[in-house]
Each structure stands twice: as C-alpha cells, then as structure tokens.
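In: Turn this into a model:
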Amino acid sequence: MRQGKVIIINIIIVLLAAASIVTLYLGSFMDIKANLNVNNENVQEIVAMFGENKSGEGSGEGEGSGSTIDVSALGEFNINIPFTISIKNTDAINCIFKFNNRKEVVTQFVDREITVIVENLLTSAKEIFKVATNALVNKAVDEAKKAIEQQISSTGGENQTAVSEVLEEYGVNDQTIENVKTELSDAVTTVLNGGDSDDIKNIIENSTTIDSILKAFQEAKMKNELGVSELSESQKEEANSKAMQSKDELLVKYDEVVEKYGDENGKITSATIVNTVLEQTGINKSEEGGETTKITTEEELVEFLSNKVNTAIDNSKEYIGYVLIGLGAFVLLVMASWGYVALKIIIKLFAKNKTVRFGLAQAFGWMPHVFFIGLPMLVVKLSGFIMEKFGTQLPEQAQKVVNMMKEILSLNLHSLTWVSAACTIPLLVFSFFYYKWRRQIKSDINYKKNK
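Out: Now for the predicted structure:
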C-alpha cells in the first residue's frame, strides 16, 4: 500500500522535473520589459535623454540647445512603446559550449534583440502616424463644434444635441466621422507598409465628410462674426471658399509631413520616420566625418543599430561572455539537480525501495527565479518607494529627471524560471511524509533481511 503511494508521488516528481528542465532550457532566463510612454509634450525630454544633436542643426533653438525633434507636423499623439530584452537560457548555455567563440554568441544575442526592438519601434511609429492623422480629423470636428456651440449660444440655447443636429444638416454624424477616420487609418497602414503616400492625400481631397466638417465650421464662424442666424448665398459661397482653403492648407501640411519624414522619392514608411528621428537627434551621424547614414528600410535600420551597439560594447563582449557562462553554469546546475532526481526514480523503478532523496532539486530549483527576478524587482519597488518618500531632498535637476522617468517609464522583469521555483513547492509538501515512508520502507526491508 505504501509502495503504491510512493509510485504516485514519484510519477508526480518526474513530471515536475521534466517541466522544470524543459522550461529552464527552452525558456528565458530573464525578460526585461520596459514601457515608454511618448507624447507630443514629453518627446523633447525623452530625446534629450537618449540622443545628442552634435551639430546643433534642426533644433530650432539655436546653438547649444541640445537634442530636439520637430513633431509639430504630427499633431497630438500618446503612444506606449514597448522595449523587451530577452536573455534566453540557451544564450548562456551556448557560451559554455562555444567558449572560444563567446564574443560571436554575444553578437548574435545583440542582433536578435535589436531586431525585436526595431519591430516594436516601427509598430509604434505606425501607431503615432495613425493617431496623428486621426487627430487632424478630431481637431477639425472640435473646431466646427465649438463654432456651432458659440452660434447656438448667441441665439439663446446651448446643448450637445443641437450641435449634433446642425452637423447632421451637413451630412456629418458620429458614423461618417468614424468612417473617414477608419479609411484614413487603413490608408496609413498601407502607406507605411510601402504603399503610395498619395493614398492618404487622395482620401483628404475626395472626402465629402471632411469637406462638410470644414464647411460647417466656416459657416458657423461667419455667422458668429456677422451676428446673423442665416447666411446669404454669396456669404455661403465665401464660407465654402474658405473651407476649401482650409482643406488646401491641410494638404500642404500633409506634404510637409511626407517631405520631412519620407525618403527622396516622397515615399514615407515606418523606417523613414525613424530615420528622421535619428537624423534630428544626430544618432546616425558618424563620429569621424559627420556623415549621416540614410535609412529607408527595416533591414537597414536593424543593421545600423546592430552595428552601433556591437561597436559600442565590442571591448566588453569578453566580460559579457563570462557573465553568460556563469549564468549558463548555474542553469545547468539547477537542471542537473532536477535531472538527478528523475534519473534516480527511473533507476529505482524495479527496486524494493523506490523512494529517493530530492533535496538537491528542492535546494536549487527556486534559486534562479528568486535571485534574478524576485530580488531585482524588490529592489525596483523599494527604489520607487524611497524616491517617493525622500525624492524631494534631491537636487532640483535630479528631481526633474526622476519625476519624468516615473511618468514615462515602467519596468518589469519576467522569466520562465518561475516554473522550476513553483515545482519546488510540491517537493516541500511531499517531504513532510515522503521521507517518513522512506525510513519505514528501509526499516521493513532490513527487518525482512534479518528475519
């Protein structure tokens, strides 16, 4: 009866060991996940932290003003940009088995992570452009509504229903506004994926909804200026003419965006947007000749940033390799502790005493997650608490940096090492009765031998 219970527990331990070994080998040792909140108000401060305009050009503030980037053409935006650096267990283990080529392993790690970061950057660039395009429509609608509200107010009434009714007379409602925004958003996706940049321009030119919004705004504005409730035909024509002028200005603004963020052929993509940001911050200028690296595709952006990072850390790759070797050895030790338990159970499958000791797995299984995820996250949380309580005692400039980082940056650590850590919990529970069975079985076997 007791042996049957031992077999059941042994099967569970083997399954726990298998899950731990697989996740320790194939999973990530540490995923550093940062989330950067970027909007048109804080982007200048973010650029000042991560870039340096060495030439002083394009800052719009004269010499020595530091890094700036002109985002006025993009309108209002608020985007979360995720950055993830994933240190995989295989990276660390490969450094052990490729000891003489550990610098190459580090280079491959950098190239892989840069590729992921670039994908996130380009996705965020698309989102910023979509939000900015929709912001133009929202701004036109808001201006029209304000003008209509002012007109209604001047005639003794003011409510949102009345504004909606006036807009409905021009064929504008929530559905038509949403339709044009969706159409623009789809066009932005097409354009940024390599389509013709004129697609967005054509939508603006041919949209009857945009025409109606601008017309509603100009007519309401003219009524307010003249203090009348109705316009004559000639006044309506004048208002319509002003609406078309506003539309032309909108198209000119779009052309400016394409010229600023597109390539020499007038094609705008996520990569050309990032390239413009790099140019304005001076990041893609060489140290020697001051030449600018032109980037027009995702592959070129990955190559440029990979070269930049690999060059910057070239002298440190040996030491990074040694760190990875240490981590790899530690992971292999934990895997071995689980493997030893599973192997002992298999070997003792047909033995009289099927019980085993699992103290090694119980001792080492939790360590990777607690030491490299739990403790660092505790430090991050404590740092935030300390800054919250005592941050006011820092110098003014330091306070400004700390406050901005709290607003724009969130940091989390994740890892599949939690599986190994979680699997040690059942071992702890089993140890309360399993070792008691082990002693009793050994005692029974010795008793039978001596009988």
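
In: Flag every buried residue along stretch 413-429.
Out: By 16 or more other Cβ atoms under 10 Å, the buried positions in stretch 413-429 come out as 415-424, 427. Yep, even glycine has a C-beta here, placed from its N, CA and C like the rest.

In: Mind jotting down where the strands sit in the stretch 51-200 of the chain?
Out: For the stretch 51-200 of the chain, the strands identified by DSSP state E, counting those that start in this stretch occupy 78-88, in order along the chain.

In: And the helices in it?
Out: 89-97, 102-154, 160-169, 174-192, 198-206 (DSSP state H, counting those that start in this stretch).

In: go on, the stretch 251-400 of the chain?
Out: Per DSSP H, counting those that start in this stretch, the stretch 251-400 of the chain carries helices over the ranges 270-281, 298-312, 317-347, 359-364, 367-369, 375-390, 396-408.

In: May I see the ones you listed organised as CSV, with distance to residue 195 added?
Out: What follows is the helices of the stretch 251-400 of the chain, written out as CSV (distance: least, Cβ to Cβ, whole Å):
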stretch, distance to residue 195
helix 270-281, 12
helix 298-312, 15
helix 317-347, 40
helix 359-364, 54
helix 367-369, 46
helix 375-390, 42
helix 396-408, 32
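
In: Show me the one of those helices that comes nearest residue 29.
Out: helix 317-347 (6.2 Å; Cβ to Cβ).

In: what's the closest of the helices of the stretch 51-200 of the chain to residue 351?
Out: Comparing these under Cβ to Cβ, the one sitting nearest is helix 89-97, at 32.7 Å.

In: So what's the gap between stretch 90-109 and the chain middle?
Out: Taking the mean of its C-alpha atoms, stretch 90-109 sits 27 Å from the chain's own mean (Cα atoms, centre = their mean, to the nearest Å).

In: hmm, back to that, out of the helices of the stretch 251-400 of the chain, flag the one nearest residue 206.
Out: Using Cβ to Cβ as the criterion, the shortest distance between residue 206 and the helices of the stretch 251-400 of the chain is 25.0 Å, found for helix 270-281.

In: Mean confidence (pLDDT) on the closest one, please.
Out: The average pLDDT within helix 270-281 is 77.

In: So which other helices or strands are in contact with it?
Out: Under the contact definition 3 or more Cβ pairs under 8 Å, 6 or more residues apart in numbering; DSSP states H and E, helix 270-281 sits against helix 43-50, helix 102-154, helix 233-261, helix 298-312.

In: Quickly list the domain ranges of the protein.
Out: When the chain is parsed with automatic domain parsing, its domains come out as 2-122+314-450, 127-274.

In: next one: the longest one to chain centre, how far?
Out: With Cα atoms, centre = their mean as the basis, the distance from the averaged C-alpha position of domain 2-122+314-450 to the chain average is 18 Å.

In: Return the helix or strand in this protein with minimum mean pLDDT.
Out: In the chain, the helix or strand scored least confidently by mean pLDDT, DSSP states H and E is helix 43-50, which has a mean of 59.

In: picking that back up, of all the helices of the stretch 251-400 of the chain, which one comes closest to residue 38?
Out: Counting by Cβ to Cβ, residue 38 lies closest to helix 396-408 out of these; the figure is 7.2 Å.

In: Report the strands that pair with the helix or strand that that closest one is followed by, each with its relative direction.
Out: Downstream of helix 396-408, the next assigned helix or strand under DSSP states H and E is strand 409-414. In the sheet containing strand 409-414, the strands it pairs with under DSSP bridges are strand 28-39 (antiparallel).

In: Alpha carbons of the strand it pairs with, in PDB - could you do that?
Out: As requested, C-alpha coordinates have been extracted for strand 28-39 and formatted as PDB (Å, rounded to 0.1, in the frame of the first residue of the first chain):
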ATOM      1  CA  SER A  28      14.000  32.800 -21.000                       C
ATOM      2  CA  PHE A  29      16.300  33.400 -18.000                       C
ATOM      3  CA  MET A  30      15.200  37.000 -17.800                       C
ATOM      4  CA  ASP A  31      12.900  39.200 -19.900                       C
ATOM      5  CA  ILE A  32      13.400  42.900 -19.200                       C
ATOM      6  CA  LYS A  33      10.200  44.600 -20.300                       C
ATOM      7  CA  ALA A  34      10.100  48.400 -20.400                       C
ATOM      8  CA  ASN A  35       7.200  50.500 -21.500                       C
ATOM      9  CA  LEU A  36       8.000  54.000 -22.700                       C
ATOM     10  CA  ASN A  37       5.000  56.500 -22.800                       C
ATOM     11  CA  VAL A  38       5.700  59.000 -25.500                       C
ATOM     12  CA  ASN A  39       3.500  62.000 -26.400                       C
END
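
In: which parts of it are buried?
Out: Counting neighbours by 16+ other Cβ under 10 Å, one finds that the buried residues in strand 28-39 are 28-32, 36, 38-39.

In: Out of the helices and strands packed on helix 270-281, flag the one nearest residue 330.
Out: Across the helices and strands packed on helix 270-281, residue 330 has its closest neighbour in helix 102-154 (16.1 Å, Cβ to Cβ).
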